[in-house]
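Student: Curious how this folds, go ahead:
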Amino acid sequence: DGVYAAHDDPWHFETSAYEQAKYAATLAALPRNRYARAFEIGCSIGVLTGSLAQRCDALLAVDVSEAALASARRRLAHLPHVELQQMLVPHEFPRGEFDLVMLSEVGYYWSKRDLNRAARRIVAAMRPGASLVLVHWTEMVADYPLTGDQVHAHFLASTGDGGSLRHLTSQRECTYRLDVFERAADAAPCA
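Tutor: All right, here's what the predicted structure looks like:
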């Protein structure tokens, strides 16, 4: 909350050409035109959420910061199919299954242990054939426990023969990467 107290939009999500281009690439990478139920982890002030909502019948967007969620609530008040909740993933996790999980610019804040737990919970919440989209900054940040590349590599390790995920596409730009996965229809349920 302290970061948002100092600035309503600390990463310039609303005005940055870089962020707008990244959001456009993220939405273009979605394998389906429409999702019945989606889950966005780390929605911040809701800029990407507003665009993502246009492709979803129901969207649960969560963030750890109540200050960020207050901005998101104002921004998205006209979208009744968007539910915003304060949630500390992976320690907290919603019930039910999703057709789309969006993990954008969040995974590198987790420890390796929390990334393992989050990955298990995410995959377990994905319906067979559901999409998982990862988008992360790839530059090293001294106070982040992980890099974006480490987060993506963790999920890539769940692909291949017998894996719970299929890797559909990858896009690497100068400072971020985007990977799209699909829950394998024949994957065993996750514990």
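Student: what about the closest residue to Thr169 other than its chain neighbours, which SS state?
Tutor: Leaving aside its chain neighbours, Thr169 sits nearest to Val180 (4.7 Å; criterion: C-beta to C-beta, 6 or more residues apart in numbering). Where C-beta positions appear, they are placed from N, C-alpha and C, glycine not excepted. Classification of Val180 by DSSP: H, G, I helix; E, B strand; the rest coil places it in strand.
Student: residues in contact with Val180?
Tutor: Residues near Val180 by C-beta atoms under 8 Å, 6 or more residues apart in numbering: 29-31, 131-134, 167-170.
Student: I'd like to know which of those are buried.
Tutor: Neighbour counting by 16 or more other C-beta atoms under 10 Å classes 29-30, 131-134, 167 among the contacts of Val180 as buried.
Student: secondary structure element for Leu69?
Tutor: helix 66-76 (DSSP states H and E).
Student: Give me the mean pLDDT for that helix.
Tutor: For helix 66-76, mean pLDDT is 94.
Student: Same check on stretch 163-171?
Tutor: On average, stretch 163-171 scores 96.
Student: so what's Ser111 up against?
Tutor: Contacts of Ser111 (C-beta under 8 Å, 6+ apart): 145-146.
Student: can we see that at 10 Å?
Tutor: 117, 145-146 (C-beta atoms under 10 Å, 6 or more residues apart in numbering).
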